[in-house]
Structure formats: structure tokens, C-alpha cells
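Colleague: I'd like to go over a predicted model; first the sequence, then the structure.
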Amino acid sequence: MTPAADIPLKQPAISAAAGEAEQYERALIDASTRVPVLMFYASAMVWLLIGTLLAGFVSFKLHSPDWLSNVDFLTWGRLRPVHMNIMVYGWASMAGMGTAIWLMARLCRTTLRHPLLLVTGAWFWNIGIAIGVTAILMGYSTGYQWLEFPPYAALILLLAYALIMSWAVLMFRFRRGEQIYITQWYLLGAFLWFPWLYAAAQAMLFVVPVQGVMQAAVGWWYANNLMFLWLGAIGLGTAYYMIPKVIGRPVYSYHLATIGFWTYALFSSWTGMQRLVDGPFPAWMITASIAATILTMIPVATVGLNHHMTMQGYFPVMRYSPTLRFTVFGAMAYTVFSIVGLLISLRSTARYFHFTEASVAYTHLGLYAFFTMIMFGSMYYIVPRLVGREWRYATLIKLHFWASAYGIGLMSVMLFVGGLTQGASQNDPSLPFIESVQSALPYLRGRTLAALLLTASHFIFAYHFGLMLFGLGRTSTVPTFLNPVEAEGSEGHL
Amino acid sequence: MKGLFPLFIGLFGTFTFSWIGLTVVPNLQIGALSPQADEEGTDIYPMPQSGMVDRGRRVYVANGCVYCHSQQVRPDYDSADIDRKWGQRRSAPRDYVFDRPVQLGKERMGPDLSNIGKRGSAEEEKSPAPGGSPAASPAQSATANANASPPSSAPQQAAASPTQTAAAAASPSPAASATPNPSGEPAMYSEAWHHKHLYAPRSMGPDTEDSNMPAYQFLYEKRRTSGEASADALHLTGADAPPAGWEIVPTYDAKCLVAYLMSRDQSHGLKEVKGAAAPAGSPAASPAAGGAAAVSPPAAQPPKK
């Protein structure tokens, strides 16, 4: 590992010229974000572990329904929304906020002011989730998917969010330099879209409730936009930072990025209703969302092309850099996620996927293969800069990556194929309905296997993260590479 | 991109565009529907629902039934929902005006429940209760009502609670009630059937053996019988049966949940939906067609008032 110092995996080439002042400034900025970002990451890790265990229960109970079914708060229909909410609001949102705050401080080239207020906000966010989860377990779910938390828990989340993100947005006021980077568009978008989205959905469902099926429309509009405008925007913004940063090369095309961003904001926000295809709604609503889903192929293509061209010739770096490996996996999964989304949306194909496990596969592709993998990547990059230590074991990172990659791959394939067989049986009225359930059961057992892999991966990562948190990382100036860097073979393209 | 202001306007604009387009405009179109009525102002559909049904909806929501059961029937040109007899026509926004929270669902690990209450009475029409004595069948007319059976006359068999008003299990003949009938399975989708199904989902015959529905035994109470068994005790057999001297009775929540299930009924015609159950002119919807029961079961459902 000796020649590693020559290889600018960690610091891009430009920083060498930037001099010591810039290094010092960066250290100051990182120091100001240390406590809040670690707080967000640590909370996210705890929720991730709880959510993962719940995922295992939920997956297992789906094919072994009598297991632990005699207690009301352990019934499948309560554990499932608890798992989902913990993953979305506990893990994904908190990890996303941690990464986003750090990136924002770096890109605005300003220190984070009032970090302790952010820590307070993070505590309130945790409390809000805990209250919401308890309420669901006690049977007080609102009954709207992705919005199961009762309004009082949602209010705590909104207040916590105000406490957190007002400071992140305020960093813009103190930013240095006129240029707003690509990542910052996405992050600012996410910061502003989430509270608008959450408040609008809460208002339309609980404050001035809409009638009948409009509740479902608002619910799907919210759920889809939460995926795209909140988590997706953070995920893409992070990828736009990490990929160029790690390989030390600017983003391929600024214009492509502009097109990608605005088409993303415009089209993906109109999706959602396609999940109610043939439901009790005016047909134009569903058609509009299907059209929007088709149009989201534009941002998918531009963002994918941009990332690909940036990476061109640098793909071998994925052999060494954990951040890059996770991030590129996530960026590629974004394309897969969108194509699967298109497939289950078109009217001609939706009839085979509607009301089946394929929609669960789609959700997991988005939340896990795309978003979570990018978050893992960003944590591998950011945490060493916060604790001043390097990741201790390359083996653990490799295990984490492969268990996650195979886990989510297996899970998506199982649920997608299982959904297809389930849908085919559902569409054949000569078969009794139970056939469709039976045909999916083997795939559901396969999904439990995938859940075991993901559980292993998350506990490995949590252990590694814990070591870092308690200062047990490696003391070194060289980042942890996945594989020893061979001086000659790799230098050619770096 | 230079400057924060254009960026902000763009972010706000795209969000507002989608908000107005997908929630505000549709809300103007379908967000203030009234129940429909005929010319005389009678035959109102849908009707607001009773307290038990409303509480039953809370139980349905609390236990996450929606994650496996949808409540929407798709049109026949695009799905097998109607062929599966989950409804006679597609669902329409007006069917849900009193549903809050609305439980359309997004997955079908179990069958659609839009018309589960209606299907109960349809199944009863179609076939005599298995194992029931021939004397019991006349009691299964469309007018049969759980209220008609006082508890004392149905000690072992009828699990229907006297407080529930929807059509329920057949009233047993005096001969049937005198001797406990070991094979007295409740009629499909009757209240007694739902209670037993909720308590032991895999005990309802060969079709349910592979069901992956969890049991909801926490909604039922196991208690000692004092003398005669309660009228609403579940008629359980085999491994699910309680030991002698004990009985399983539904809690109030379970009764509400079943009342909610029995209230799920979109069989009433809607002006805006063309289909088998057109409100007027269609023989299928008129009570006179009741005689066609044996020929075409879906058309045999008399309108429920």
C-alpha cells in the first residue's frame, strides 16, 4: 500500500495547487459540521438497524403468518408500516440530511453556524419518529401509506425540520463565490421541496381534509414526490459531488446537468397517479402521470450520460475507492429504478404488475439500490473527515458492499419475478385467487434470504461505523482503499 | 447557473405546478361529490355509515389490512376483477365520498374487498350452507336477518351478534340447534364466516389452507363458559377449538371490524358508470330478477336497502 500516497484518490489534483490556506479552511468547515453530521449519521445507523430487523420480521411473517401473530403490536399489518416509516424517515432522511448539510457547508465554503441547534433539531426528529412509530404499533396509524404517523408526530417532524434546515439554507447567505454548483441545485431543491410537500400533504389530509378518493391521490402524490423531490434529489446531488471529487475530474457537461436537473424537477414531480391505474379516478390524472413517467427518461438519460462520461476511463478506480464503488452502484441503480418504474407504469405492462410485489421491488430499488447505496458511499467519504481517522478494515467495507449489492439484487429479482407470476395468475380469472398467492410464496422466501444478506451487511457497517465514532479508526494520511493500489497498473489512467 | 433568485423561482414553480396539477385541479373535479339520488330524492347512495362501521374502519386501518387488500374494482377491459366477481362494475370516485381514511390499497396479497359485504349475501343465495339441514335453507332468503334469530335458539352455531343488522348466517332450524352440528360451517362471507376466518384464516376449507393471512386472535377473547355457550361464540373445530368449558368470543373491536367488512358494498348502480349494475332499466338490478339466482349468480343480488 506504500505507493498509495501518489495516487490522488482522496484529494483531486486541483487541491495540490490550492495550497495550505484552502486545506485549513476546509478543516475548519469540516470541524463546524462534525457534531451535527455525526449526530445525524449515528441516529440514522440506529434506525437502519431497527428497520432492518423489522424488515426481516415482515418478510418472514409474509410466508409464515402464524409466527408471533398473537400480539396486536406484532401483527404484520403494523410492523410493515413501522419498518417503512423507520427506513424512510429514520434511516434515509437522517442519513440524507447529514450528507446534505456537510456537502452544503463544503460547497458554500462557509462554516456551519449554530451546530448545536441542528443537534437539537436532530433530537426532535428522532423523538417525532419514536412517537409516530409507537402510535402505529398501538394502532393509531392514519391509514395513508407513507404518512402513517399521526398528525402530532408529523408536527414534531416539521418543527424539527425547521430547526435543522433553516440553518442549512442560511448557509447560502454566507456562501463565498458566485457560482452555484450542480449539487447545490439538487440540495437546495430537496431542502425546500420537503417541507412544502410534507406540509401540503398534512394540510390536505388532516387540516382541511379532502373528500374520498382525493385522499389517495394526495397520498400517492406525496409518496412519489418524497421519493423524487426529497430523497432522490439528495441522492443525485450527492452523486454529482462524489463522482467528480473522488476521480478528481470535473463533471462532463454542465449543460447536460442543467437539462437533467430541470427536467427532473418538472417531470418526476408529476408522477405518482400511475400507481392507481384503472382506479376510481378521472383517466386524465393517471394518463398525466404515465406521460410524466415516460418523460422522466429524459433526466435519467442526461444524468446517466453525464455520470458515465465523467467516469469514462476512470471506472477502474472503483476497484480502490469505497465511496466511488457505492456511489456508482447507486447512480446506475437510478437508471434501473427509473426503467422499472416505467415498466410498471405503462398501461400495457401495468396490468401484469399492478397490485403485486413488483411495486415493492420498485420501492426498494429506489430507496435502497439507488438512494441508500449513494448514502453509504457518502458516509465512507465524509466520516473520516469528521473523526480524523480512516476506516479500519478494507475487508469489512468489501463485505458490506457485496452483501448489500447481492442482497438488494436478489431482493429486486425475487420481488419482480414473483410479482410477475403473481400478476399473471391474478389476471387469469379461471385460477382461484389463492393461486396468485401461492405462486408468489417461493419468491417471498427468496426475499427473506435477501433480507438476511442485507441484515448482515448493515450490522457489519454499523460495527465499522461504531469503531470510527469511538476513535478506533486508523490513524493515517492515506484513505482506506478496497484493494492495494498497484503503482504502475493504475497510475496510467489517473 | 448564477444567482439564487432564479433557482428559487424554478424550484417553487415546478413544485407548485405539480401540486396544482395533481391535487388542486382534481380536487375541483372530484373533491366535492354528493351522494346520488333518484328523481324523488330517495334511493340515496352512498349513505353515511353507522358508528360500528366507522369504528370497524379504525380497526381495519390500525391492523394494516390495506397492505394486502385493495378496495377498488378495475374495469373489465383491463383486468379480471369483474370476472373474479369482486364487483359488478368498476369503482368510481362517488363510491368513496364517506370513506375517511380511504383504503384503496396498492397490493393484493389477498382478494379485493370492495364488495365483500355484498358478496356475503350473494354467496348465501347461491348455495345452501354446507352441512346445514334442508330445513335451514328456506331461512336463507334475501330477507333473512341476524336480528331474527334470538340468541337462545342458536347456542352453538350462529356466531352472528344480535347487534349486527346485515344479512348473516342462516338461522338454524330447531332440529339443528338441538344437536351441535360438527360440520356446520358458516355460509361464505357471512358474519360468522368472517369471525372464524379472522380467528383461524387457514381453517376455512381447501381454498384457504395456503392462505398467508395472519390470524387476528388478539381481537378475540377466550373465556370460560358459564352454563350455555354465548350466542356469538365462534364455532371452531380441530386444533383451533378451545378446550371444553371454554369459548372464543369476538371483542367489540372484532364485531366492529366485521360490521365494516359487511358494509363494503358497491353494488348500487352509479349514473356515471356503465356496467352490469346500471341504476335503472337493467333487469339485473331489479328485485324481480332474484329468481335468476341459479343461472347467473352475480345478477342475483337483490338491492340492499
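Modeller: Arrived safely, thanks for sending.

Colleague: tell me how many other residues surround residue A:298.
Modeller: By other C-beta atoms under 10 Å in any protein chain shown, the residues close to residue A:298 number 16. Using the backbone N, CA and C atoms, a C-beta is placed for each residue, glycine as well.

Colleague: residue contacts, residue A:121?
Modeller: A:160, A:161, A:162, A:163, A:164 (C-beta atoms under 8 Å, 6 or more residues apart in numbering or on different chains).

Colleague: the stretch 1-150 of chain A: helices as residue ranges?
Modeller: Using DSSP state H, counting those that start in this stretch, the helices of the stretch 1-150 of chain A run over A:13-63, A:76-85, A:93-108, A:115-137.

Colleague: returning to what we had before: of all the contacts of residue A:121, which comes closest to residue B:235?
Modeller: Relative to residue B:235, the closest of these is residue A:160; by C-beta to C-beta it sits at 51.7 Å.

Colleague: the closest one: which element?
Modeller: Counting by DSSP states H and E, the element that carries residue A:160 is helix A:151-170.

Colleague: now that helix: buried residues?
Modeller: Buried positions in helix A:151-170, judged by neighbour count with 16 or more other C-beta atoms under 10 Å in any protein chain shown: A:151, A:153-154, A:156-158, A:160-161, A:163-165, A:167-168, A:170.

Colleague: name the helices or strands packed onto the next helix or strand after it?
Modeller: The helix or strand immediately downstream of helix A:151-170 is helix A:182-202, counting by DSSP H and E. Counting contacts by 3 or more C-beta pairs under 8 Å, 6 or more residues apart in numbering or on different chains; DSSP states H and E, helix A:182-202 is packed against helix A:93-108, helix A:151-170, helix A:214-225, helix A:233-247, helix A:254-267, helix B:4-19.

Colleague: quick one: the strands in chain B?
Modeller: Taking DSSP state E to define them, one finds strands in chain B at B:220-224, B:246-250.

Colleague: most neighbours per residue, which of those strands?
Modeller: Per residue and on average, the most neighbours among these fall to strand B:246-250, with a mean of 21 (mean count of other C-beta atoms under 10 Å in any protein chain shown).

Colleague: so that strand, near chain A or not?
Modeller: No. Interface with chain A: strand B:246-250 contributes nothing (C-beta under 8 Å from any C-beta of the partner chain), its closest point being 12.7 Å away.

Colleague: any idea how far stretch A:447-461 is from the chain center?
Modeller: Distance, stretch centre to chain centre, for stretch A:447-461: 17 Å (C-alpha atoms, centre = their mean, to the nearest Å).

Colleague: contacts for it?
Modeller: By C-beta under 8 Å, 6+ apart, the surrounding residues in contact with stretch A:447-461 are A:45, A:48-49, A:52-53, A:55-56, A:59-60, A:63, A:368, A:376, A:396, A:399-400, A:403-404, A:406-408, A:410-411, A:414-415, A:418.

Colleague: residue A:334 falls within a strand, correct?
Modeller: No. Read with DSSP: H, G, I helix; E, B strand; the rest coil, residue A:334 is helix and lies in no strand.

Colleague: ok, now which ones touch the nearest residue to it once chain neighbours are set aside?
Modeller: Spatially, and ignoring its direct neighbours in sequence, residue A:334 is nearest to residue A:370 (4.6 Å; C-beta to C-beta, 6 or more residues apart in numbering or on different chains). Shown in contact with residue A:370 (C-beta under 8 Å, 6+ apart): A:232, A:235, A:330, A:331, A:333, A:334, A:337.

Colleague: are any of the contacts of stretch A:447-461 buried, and if so which?
Modeller: The neighbour count (16+ other C-beta under 10 Å) marks A:45, A:48-49, A:52-53, A:55-56, A:59-60, A:63, A:368, A:376, A:396, A:399-400, A:403-404, A:407-408, A:410-411, A:414-415, A:418 as buried among the contacts of stretch A:447-461.
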